[in-house]
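Chemist: Okay, here's the prediction I keep looking at, along with the sequence it came from:
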Amino acid sequence: MENSLEITDSTDWLGTPLQLLAPLESSLRCQVCKDFFDTPMITSCSHSFCSLCIRRCLTADNKCPICREGDQVLKLRRNWAVQELLDTFKTARPAVMELARKFKALKEQEENQVPEPQPKKRKANQIEQSQEVSSVEASPPRLRTRSRSVKAVPQEPEVIPEIIEDSEGEEEYIPDDGMAVCPVCDRTMKIEAVSHHIDKCLVEQEAREATERQKHTAFGVLQRQQNSPSKQLDRLPTLNYDLMNPSQLRKKFKELGIPTEGAKDLMKRRHTEWVNLWNANCDSQNPKSRMQLLRELRVWEDTQGGGSVMTVPDRNTVTSKGFDAAGWSANHNDDFKRLIASARKKTDAQVRSTIPGSSGSDQSPSTSPNGLPGKVAEDLGDR
């Protein structure tokens, strides 16, 4: 049996006696993720993909990943035939693969064995001569005598026992001991008790058959309940992000129970991924729990979302579109005040050194009421 942690591939069949199964397994794998179909969906161009894979692709560019034909998420349909074929193949794959590998190892072992030297063939005439010599040596010598002929002793005829077969019409003799067999349960009892016993036995048999029917019916209902989700999940619609500001998006995210941090662009991509995860889970025959979907969203955040290495510099760059100016100002407010105070001191010192006898009340035409040059005061005031 294959290890559950082993990464399987269609090329595993190559080099085995069942290498023709490689294209069969390849056709049961998604052309996007290269893994077995997970809830296969068929597009309007008759190509099949995993539900989550094709939803991500169509959300990005509305084109089929194989033929590049235009398509939409609303046109996707479940491919039940491929799902049943896939389930059967995945169940049989470990045993068939093990059998193929054993046959391959046995064949290699036979090829590595050194063949034993065969005896040299003799000519046909030599074989005939040796057979004649051996036949002559084996035969006893015949002695010719003039003895009287001995009469042959007559053998007694073999006695064949005569088998007398029973005729078809005859029945086995059963002594009359006052007992009878119930035709329902094959029990032996007295003749006078058979009539009452048959009535009772029929009632018990009907009760047993009714119980068996109830068991089969209950098993069928339970199996159908296990195969179908207990509660039908509602699909999530897409949003028009251009008509919503960041505060409206955060309010919507709180209703959905997903993280609300980040700029608007990051929130848009997060909501798109959550809609794909949720709707793909609605397509599945065995839907996952909400906590599992949130864990998958967290993995997406760490690899492709706001927590990934590639997106962290963009989020903290002043020139980026989604730069949080208010948060940056609040975090560096003390630094701003310290720099303003230092600039004022330097400016006052320069004014005193260039204009002798200047006081706090005398102001230069190029200075502001607080003693700073007009351009410097204007820049600091804008900050």
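Modeler: Perfect, I can see it now.
Chemist: Lys63: neighbour count?
Modeler: By the criterion of other Cβ atoms under 10 Å, Lys63 has 14 neighbours. From N, CA and C alone the C-beta is placed, and that goes for glycine too.
Chemist: The nearest residue to it once chain neighbours are set aside: what's it in contact with?
Modeler: Spatial nearest neighbour of Lys63, chain neighbours left out: Gly70 (5.9 Å); criterion: Cβ to Cβ, 6 or more residues apart in numbering. Residues near Gly70 by Cβ atoms under 8 Å, 6 or more residues apart in numbering: 62-64.
Chemist: Just the pLDDT for Gly70.
Modeler: pLDDT, Gly70: 92.
Chemist: For it, what are phi and psi?
Modeler: When read as degrees, to the nearest 10, the backbone of Gly70 gives phi -70, psi 140.
Chemist: rewinding a little: dump the contacts of Gly70 into JSON lines; add secondary structure as well.
Modeler: Below are the contacts of Gly70 laid out as JSON lines (DSSP: H, G, I helix; E, B strand; the rest coil):
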{"residue": "Asn62", "secondary structure": "coil"}
{"residue": "Lys63", "secondary structure": "strand"}
{"residue": "Cys64", "secondary structure": "coil"}
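Chemist: Which one of the residues you listed is nearest to Lys252?
Modeler: Closest approach between the contacts of Gly70 and Lys252, by Cβ to Cβ: Asn62, at 23.4 Å.
Chemist: CA atoms of stretch 236-249 as PDB?
Modeler: What follows is stretch 236-249, C-alpha atoms only, in PDB (Å, rounded to 0.1, in the frame of the first residue of the first chain):
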ATOM      1  CA  LEU A 236     -21.100  34.100  -2.000                       C
ATOM      2  CA  PRO A 237     -21.600  36.800  -4.600                       C
ATOM      3  CA  THR A 238     -18.800  39.000  -6.000                       C
ATOM      4  CA  LEU A 239     -18.600  42.600  -5.000                       C
ATOM      5  CA  ASN A 240     -18.000  45.800  -7.000                       C
ATOM      6  CA  TYR A 241     -14.900  47.000  -5.300                       C
ATOM      7  CA  ASP A 242     -14.800  50.300  -7.200                       C
ATOM      8  CA  LEU A 243     -18.000  51.400  -5.500                       C
ATOM      9  CA  MET A 244     -16.900  50.600  -2.000                       C
ATOM     10  CA  ASN A 245     -14.400  52.500   0.200                       C
ATOM     11  CA  PRO A 246     -12.000  50.700   2.600                       C
ATOM     12  CA  SER A 247     -14.400  51.300   5.600                       C
ATOM     13  CA  GLN A 248     -17.300  49.600   3.800                       C
ATOM     14  CA  LEU A 249     -15.000  46.700   2.800                       C
END
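Chemist: Relative to Arg77, how far out is Cys43?
Modeler: Not quite, residue 43 is Thr, not Cys. Distance check for Thr43 against Arg77: by Cβ to Cβ, to the nearest Å, it reads 8 Å.
Chemist: neighbour-wise, which of the two wins?
Modeler: It is Thr43, of Thr43 and Arg77, that has more neighbours when counted by other Cβ under 10 Å, with 23 against 10.
Chemist: Correct me if wrong: Arg29 contacts Asp38.
Modeler: No - at 10.5 Å, Arg29 does not count as touching Asp38 under the criterion of Cβ atoms under 8 Å.
Chemist: The closest residue to Met244 other than its chain neighbours: what secondary structure?
Modeler: For Met244, ignoring the flanking residues on the chain, the nearest one in space by Cβ to Cβ, 6+ apart is Lys252 at 7.5 Å. What three-state DSSP gives for Lys252 is helix.
Chemist: so what's Lys252 up against?
Modeler: 239, 244, 271.
Chemist: What subset of those is buried?
Modeler: Buried subset of the contacts of Lys252 (neighbour count, 16 or more other Cβ atoms under 10 Å): 244, 271.
Chemist: can I get the contacts of Lys252 in TSV with secondary structure, distance to His197 and pLDDT?
Modeler: Below are those laid out as TSV (DSSP: H, G, I helix; E, B strand; the rest coil; distance: Cβ to Cβ, whole Å; pLDDT from 0 to 100):
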residue	secondary structure	distance to His197	pLDDT
Leu239	coil	76	87
Met244	coil	82	87
His271	helix	75	91
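Chemist: And the contacts of Lys252, which is closest to Leu24?
Modeler: Nearest to Leu24 out of the contacts of Lys252 is His271 (Cβ to Cβ; 39.0 Å).
Chemist: Let me see the domain layout of the protein.
Modeler: Following automatic domain parsing, the chain resolves into domains at 10-107, 241-329, 332-382.
Chemist: between the ones you listed, which gets nearest to Glu212?
Modeler: Of all those, it is domain 10-107 that lies closest to Glu212, at 28.5 Å by Cβ to Cβ.
Chemist: mind listing the helices for this structure?
Modeler: For the chain, applying DSSP state H gives helices covering 21-27, 51-61, 80-112, 124-138, 191-227, 246-256, 264-283, 290-303, 312-315, 325-331, 333-354, 374-382.
Chemist: which residues touch Val73?
Modeler: 55, 58-59, 279.
Chemist: Can you turn the buried part of those residues into a ChimeraX selection?
Modeler: To isolate the buried members of those in ChimeraX, using 16+ other Cβ under 10 Å:
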select :55,58,279
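Chemist: In JSON lines, list the contacts of Val73 along with distance to Ala349 and pLDDT.
Modeler: Putting the contacts of Val73 into JSON lines (distance: Cβ to Cβ, whole Å; pLDDT from 0 to 100) gives the following:
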{"residue": "Arg55", "distance to Ala349": "66", "pLDDT": "93"}
{"residue": "Leu58", "distance to Ala349": "66", "pLDDT": "92"}
{"residue": "Thr59", "distance to Ala349": "61", "pLDDT": "90"}
{"residue": "Asn279", "distance to Ala349": "67", "pLDDT": "91"}
